[in-house]
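Novice: build me a model from this:
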Amino acid sequence: MASRWLEAYNELKGFIDANPRIEIAPGSQCIPGDVRAEFYRLFDNVRLGFITENYSQFVSLARPLSRSYGQVLEKTVKSLGLSEIKPKSTLTWFLKEPLEGLNRLLFDLLFDLLKGKLDLEDFEQQAGERLSRSFPDMFRLSYEHWVLLALVSLLDGDKALTVPLYGSEEDATLVGGGEPMPGTVQESVSSPVEAAVVSLEHAKEAAFVAPDIIVHSTRTGGYVSIRRDLFAPQRMVKDVSRKREWLTYREVGVKSWKDHAADWPDMVVYAGSSAAELALVADYARFCRPEIIIECMEQDEWFNPSEVERIKRNHAFFKPRYGIFIICRGPVPEEAVRAFNPQPEAVETSTDAGVESEIAETIEPAGVAAQDEPPVKVQPVASAPDSGDEIQVRFLSVGYDASLLSPVVEEMVPESNGEK
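Specialist: You can find the predicted model right below:
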């Protein structure tokens, strides 16, 4: 069978040959305006053909995520009265249409092919490597975005707030690659303000880490904030909230945090009686103790011992008040259940598994709830490495059913967690 993407490529080459005013050379390119639209239509057909012919499995895997993200985005924007929620910029097209998001990865490679910098074999190899390397990260980050918005959608929020930061609308960006002497400059955190636009884009050279969003929740009766994409910021904050507990993860004057035992969690969730106490997640040396840690497992076969150890270390250091929720897109691997609790105690629940998920809140030790039996809740427990505290890790297999994330929100409802 003839290759469709090669047929599309030959059609593009024929169009270029038929229009000698088009110049595509190793050092330059010129595409006149009157032929530009048709050129890029044919140009896109080549890239789209290559992906659909060779990597259609990526598109098939990502499209359900894209559809569900669009639905939860629309619901969240409408309920909070926002004009926009901006995803990480590199995910914008992927979340709208995965095929288009992947298509954009091949833009420069196809031009290199047309310019003679690559031959067909080189193009196929490098395009395949780029797609195979980029897709897992794009899919993982996109699922994190979905989890964040799905959680927000369950808060029954009536307003959204963000913390104004200088440098850019996304983060407190430090121009010039960061501080020459990190940790020596002190800043004040601005008070949260009601927002029309929420951005999930983050600058890596930032003064401090603020929440992605703070929501006034009628479901919890207070404020809830969420932050994903954590990293070590550059400056100290001089007026941290006294209502919060602060954990020191590195000393002032230490540029690296290599002695810190934990890796960053995927997401942290906070709850409080005021928005002001939730304005800061971390500064140069301190991290605000979270209510909940969220870990997102977008792959079916995600389990490995190093991941278990990372989660245990995070619990030991960050000490989340209500534990860690591991959010699984697929079934929970039975090895993961055994790793956190060799002898789990199963407590029956009435959770409805919904339409899009095979299993509801956590699972029984076998890893998959039997279809003719109600799903069960497992709360694995293990000793934290540096304390006598118990570690509470709960698995939620949710697919793309936002309602199955309700146990996370319920932990922050005073009547549910035992607080008055």
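
Novice: what are the ranges of the helices in this protein?
Specialist: 4-18, 33-54, 56-80, 92-96, 98-103, 107-114, 120-153, 305-318, 334-340, 406-410, 414-417 (DSSP state H).

Novice: I'd like to know which of the ones you listed is closest to residue 392.
Specialist: Of all the helices of the chain, it is helix 305-318 that lies closest to residue 392, at 7.9 Å by Cβ to Cβ. Glycine gets a C-beta too; all of them are placed from N, C-alpha and C.

Novice: list the buried ones in that closest one?
Specialist: In terms of neighbour count (16 or more other Cβ atoms under 10 Å), helix 305-318 has its buried residues at 307-308, 310-318.

Novice: now the residue nearest to residue 23 when sequence neighbours are not counted: how far from residue 16?
Specialist: If the residues on either side of it in the chain are set aside, residue 23 comes closest to residue 30, at 4.2 Å by Cβ to Cβ, 6 or more residues apart in numbering. Distance, residue 30 to residue 16, using Cβ to Cβ, to the nearest Å: 12 Å.

Novice: surely residue 23 touches residue 29?
Specialist: Yes: between residue 23 and residue 29 a contact is recorded at 6.2 Å, counting by Cβ atoms under 8 Å.

Novice: picking that back up, just the helices of the chain: most buried one?
Specialist: With neighbours taken as mean count of other Cβ atoms under 10 Å, these reach their highest mean count in helix 98-103, at a mean of 22.

Novice: which helices and strands does that one pack with?
Specialist: Helix 98-103 sits against helix 33-54, helix 56-80, helix 92-96, helix 120-153, with contacts defined as 3 or more Cβ pairs under 8 Å, 6 or more residues apart in numbering; DSSP states H and E.

Novice: what mean pLDDT does that helix have?
Specialist: For helix 98-103, mean pLDDT is 97.

Novice: give me the contact list for it.
Specialist: 44, 47-48, 51-52, 55, 58-59, 62-63, 65-66, 91-95, 131, 134-135, 138 (Cβ atoms under 8 Å, 6 or more residues apart in numbering).

Novice: residue nearest the centroid of the chain?
Specialist: With distances taken as Cα atoms, centre = their mean, the residue of the chain nearest its centroid is residue 144 (2.7 Å).

Novice: could you name every residue contacting both of residue 30 and residue 16?
Specialist: With Cβ under 8 Å, 6+ apart as the test, residue 30 and residue 16 both reach 22, 24.

Novice: gap between residue 186 and residue 250?
Specialist: Taken as Cβ to Cβ, the span from residue 186 to residue 250 is 16 Å.

Novice: now swap in residue 263 and tell me
Specialist: If you go by Cβ to Cβ, the gap between residue 263 and residue 250 works out to 14 Å.

Novice: which one of the two has more residues nearby?
Specialist: residue 250 (19 against 15; other Cβ atoms under 10 Å).

Novice: quick one, grab the pLDDT at the more buried one.
Specialist: pLDDT, read off for residue 250, is 82.

Novice: cool, residue 59 as well?
Specialist: So residue 59 comes in at 98 (pLDDT).

Novice: ok, now which ones touch it?
Specialist: Per Cβ under 8 Å, 6+ apart, neighbours of residue 59: 51-52, 98-99, 102.

Novice: and which of those residues is nearest to residue 279?
Specialist: After measuring the contacts of residue 59 against residue 279 - Cβ to Cβ - the closest member comes out as residue 98, at 35.2 Å.

Novice: for the stretch 201-350 of the chain, what are the low-confidence residue spans?
Specialist: 204, 252-262, 342-350 (pLDDT under 70).

Novice: about what we covered before: the residue nearest to residue 23 against residue 22, yeah?
Specialist: Yes: counting by Cβ under 8 Å, residue 30 touches residue 22, with 7.1 Å between them.

Novice: okay, the two: which has more neighbours?
Specialist: Between residue 30 and residue 22, residue 22 has the larger neighbour count (other Cβ under 10 Å), namely 17 against 9.

Novice: thanks again, I'm all set now.
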